[in-house]
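How does the following fold in three dimensions:
(chains A, B, C and D)
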Number of protein chains: 2
Amino acid sequence: MATIKDVAKLAGVALSTASYAMSGDSKVSAKTREKVLEAARQLNYQKNGFAMDLKRSRTNTIALILTDLSGPYYSELIRSIQDVALSNSYDLIACSSMGGKDSTAVRFLLEKRVDGAIVLAHNITDEILQAAGSSRFPIVVMDRLIASEGLINVVVDGELGGYSATRYLIEKGHEHIAYISGPANSYDNALRYKGFQRAMQEAGLEEKTKWKLNGGFIREGGYKSTKMMLMQGELPSAVFYANDEMAVGGMKALEEGGISVPDEISVIGFDDIQLAEYIQPPLTTIRQPMYESGSLAGHLLFQMLNGDTVNDFYKLKIELVERQSVLPRK
Amino acid sequence: MATIKDVAKLAGVALSTASYAMSGDSKVSAKTREKVLEAARQLNYQKNGFAMDLKRSRTNTIALILTDLSGPYYSELIRSIQDVALSNSYDLIACSSMGGKDSTAVRFLLEKRVDGAIVLAHNITDEILQAAGSSRFPIVVMDRLIASEGLINVVVDGELGGYSATRYLIEKGHEHIAYISGPANSYDNALRYKGFQRAMQEAGLEEKTKWKLNGGFIREGGYKSTKMMLMQGELPSAVFYANDEMAVGGMKALEEGGISVPDEISVIGFDDIQLAEYIQPPLTTIRQPMYESGSLAGHLLFQMLNGDTVNDFYKLKIELVERQSVLPRK
DNA sequence: GTGAAAGCGCTAACAA
DNA sequence: TTGTTAGCGCTTTCAC
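Residues are numbered from 1 along each chain as shown, chains lettered A, B, ... in the order given. Okay, the predicted model is just below:
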């Protein structure tokens, strides 16, 4: 691989002149620049990114860290952050936190291979985030509340979401409501559940433990826990799935069990994933403002990168999307 | 930010000893190592990734380059590559080629910020790929045929796919078939169209230019071109959308136009995206072996990284997924 | 087992 | 305008 040294030698100029010429510095004469560029072309020269970053100690890149790159849920979020990054002429890379402590994500965070990060990955521990974040390395955290230097929180009001979903069911006359939950350690799930409880208590409704099942936020989990609920005999009149993926799995289980949605049982989800609109019946759900929150996260990150001070906590509102999976109880 | 130098000083050892101690080299005594580790802890030391990469001239990272990170289509592909990377204990980052020449993707490729790449991004030009690829920087290209040192091709048999889809329609008795195409410059689209033409010619069927419309591979495009087709009056008995996204858009247009699928018009797609199964009616389509091709691409990349020689061309077979959007012509 | 020193490829301050 | 040179932070050879 040719280095800038080779280029300089071939062009018959000093190292620095070659460097200046290639970065378009105005102090090199047009003639010299052309000579250098020609030499670079001949040698098929490509600058070494690391050397540059090392020298500059800036990468012009931010990272988006997700639990699982292949998850289809985040596409709007990614898009919004991509837009912000692009308009700030920063590069964006996405990396997965699969692998926990040894993941790509953690290395990027700890070894400062980027200038800042947006994190939405519950398997990255608070300790790592706290160790990584600083005023010189801002991190926007979107999946939990955590306070530390350089960390700022952008979250969606999950409690209100859980409350609204439950309230909506109650207003439709439902009294027996099941809650299919996400993973026990999930902050998001905890919030949604808290909202669920608040609405239930407020309405003087009883929450049955046999109708609280764990679906781990995945489709398969929603399917299995619904099957289990079916086997228990008595059915609730409505089910609140703590996310849409589980609702999709659950509706499949219901269908297989010959239970019609929404005639015999009402279903509400959470997230408003793309599928929600297309599934049969279209799923009533709580929409998370993905684009907005991603956009906000991105803007905040760049403000911090520019040395501006910003608040360290932002909470976004949710919105109920009424479709056809909920019917008033007869 | 503390450097290894600070750590060494605090621990009272030489720079190199500190380095050895932290990388777990066996020649440092346990006592010295402990001293160093303690100092590192005190200083909250984190190694600088770039300096390491620069020195090592290896990054242990591969990149997956996609046109648009937010596209939901690739989730299986990403998953498979993620799996392979993880099992080779390599890091994987995903970056977008949005922004063309100035995109993150191009910088990563040209500046060798990773050890190798898998590319599925039609807006990266052949020239860039050819300039970037070499035996020391392998690239697996999945969206076109291109020969150059260090480049290997993994493609899906799009021509056969286009042929099979069309053939299937013809066997169901359809004679008037529209083709909604992808972007003009898309290699994938060209292939699918070629297959379409072959099947039509073979069957002695005439291809009408008014039934060849461009939908740009996006949902909106499928919607618009279908609207346009509707306005033209005469309808084909079947439509071959060159990808599922366009089919989704198209089916919406058809529904709005009061045309029933599949009773009045049959529809076939290409890709087998997740939605295909859930849309009404479920979409008959050509499945691309996403997981398999991603897995293959990953394995090949690592073989090249290990210095093995591999063939430079692989073609994977497609598969027709029969659902309910096609009916025999009455 | 430990330390001194070279150098990865680049940028930028300084000198000429 | 051009050239010389000092590092950026790290790994690794080589001498002790």
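
From now on I want contacts and neighbour counts done on CA atoms only, so please keep to that.
Will do.

what does the stretch 51-200 of chain A have sitting close to DNA strand D?
Residues of the stretch 51-200 of chain A lying near DNA strand D by Cα under 7 Å from any atom of the strand: A:51, A:54-55, A:57.

Low-confidence bits of chain A, can you list those?
Counting by pLDDT under 70, the low-confidence segments of chain A come to A:72.

what's the offset of stretch A:13-31 from the middle of its chain?
43 Å (Cα atoms, centre = their mean, to the nearest Å).

again, but for stretch A:249-266
Distance, stretch centre to chain centre, for stretch A:249-266: 30 Å (Cα atoms, centre = their mean).

measure it end to end?
Start-to-end span of stretch A:249-266 (Cα to Cα, to the nearest Å) is 14 Å.

what's next to that stretch, contact-wise?
Outside stretch A:249-266, the residues that touch it by Cα atoms under 8 Å, 6 or more residues apart in numbering or on different chains are A:219-227, A:230, A:236-239, A:267, A:281, A:324-327.

7 Å instead?
A:219-220, A:222-223, A:226-227, A:237-239, A:325-327 (Cα atoms under 7 Å, 6 or more residues apart in numbering or on different chains).

Go through these and name the one nearest chain B.
residue A:219 (12.9 Å; Cα to the nearest Cα).

which residues pair with the residue nearest the centre of chain A across the strands?
In chain A, the centroid-proximal residue (Cα atoms, centre = their mean) is residue A:120; its distance is 4.3 Å. Beta-bridge partners recorded for residue A:120 (DSSP bridges): residue A:66.

residue contacts, it?
So residue A:120 contacts A:65-67, A:141-143 (Cα under 7 Å, 6+ apart).

Please produce JSON lines containing those residues, extended by neighbour count.
Shown next, in JSON lines, are the contacts of residue A:120 (neighbours: other Cα atoms under 10 Å in any protein chain shown):
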{"residue": "A:65", "neighbour count": "26"}
{"residue": "A:66", "neighbour count": "23"}
{"residue": "A:67", "neighbour count": "19"}
{"residue": "A:141", "neighbour count": "25"}
{"residue": "A:142", "neighbour count": "22"}
{"residue": "A:143", "neighbour count": "17"}
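
Chain B contacts on chain A?
Proximity of chain A to chain B, by Cα under 7 Å from any Cα of the partner chain, involves residues A:46-51, A:53-54, A:69-72, A:75-76, A:78-79, A:91-95, A:104, A:110-113, A:275, A:278-279.

which of those residues are buried?
A:46-51, A:53-54, A:69-70, A:72, A:75-76, A:78-79, A:91-95, A:104, A:110-113, A:275, A:278-279 (16 or more other Cα atoms under 10 Å in any protein chain shown).

Now residue A:71: closest residue in space that isn't a chain neighbour?
residue B:75 (6.3 Å; Cα to Cα, 6 or more residues apart in numbering or on different chains).

I'd say that neighbour and residue A:74 touch.
No. At 11.0 Å, residue B:75 and residue A:74 do not qualify as touching, with contact defined as Cα atoms under 7 Å.

picking that back up, quick check: the residue nearest to residue A:71 vs DNA strand C, distance?
For residue B:75, the distance to DNA strand C (Cα to the nearest atom of the strand, to the nearest Å) stands at 35 Å.

Next: residue A:25.
From residue A:25 to DNA strand C the distance is 9 Å (Cα to the nearest atom of the strand).

And the strands in chain A?
Ranges of strands within chain A are A:61-66, A:91-96, A:116-120, A:139-141, A:151-156, A:177-181, A:212-214, A:238-241, A:266-268, A:285-287, A:313-316, A:319-321, based on DSSP state E.

now those as JSON lines including distance to residue B:13?
Shown next, in JSON lines, are these (distance: least, Cα to Cα, whole Å):
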{"stretch": "strand A:61-66", "distance to residue B:13": "35"}
{"stretch": "strand A:91-96", "distance to residue B:13": "36"}
{"stretch": "strand A:116-120", "distance to residue B:13": "33"}
{"stretch": "strand A:139-141", "distance to residue B:13": "34"}
{"stretch": "strand A:151-156", "distance to residue B:13": "34"}
{"stretch": "strand A:177-181", "distance to residue B:13": "53"}
{"stretch": "strand A:212-214", "distance to residue B:13": "53"}
{"stretch": "strand A:238-241", "distance to residue B:13": "58"}
{"stretch": "strand A:266-268", "distance to residue B:13": "63"}
{"stretch": "strand A:285-287", "distance to residue B:13": "57"}
{"stretch": "strand A:313-316", "distance to residue B:13": "43"}
{"stretch": "strand A:319-321", "distance to residue B:13": "60"}
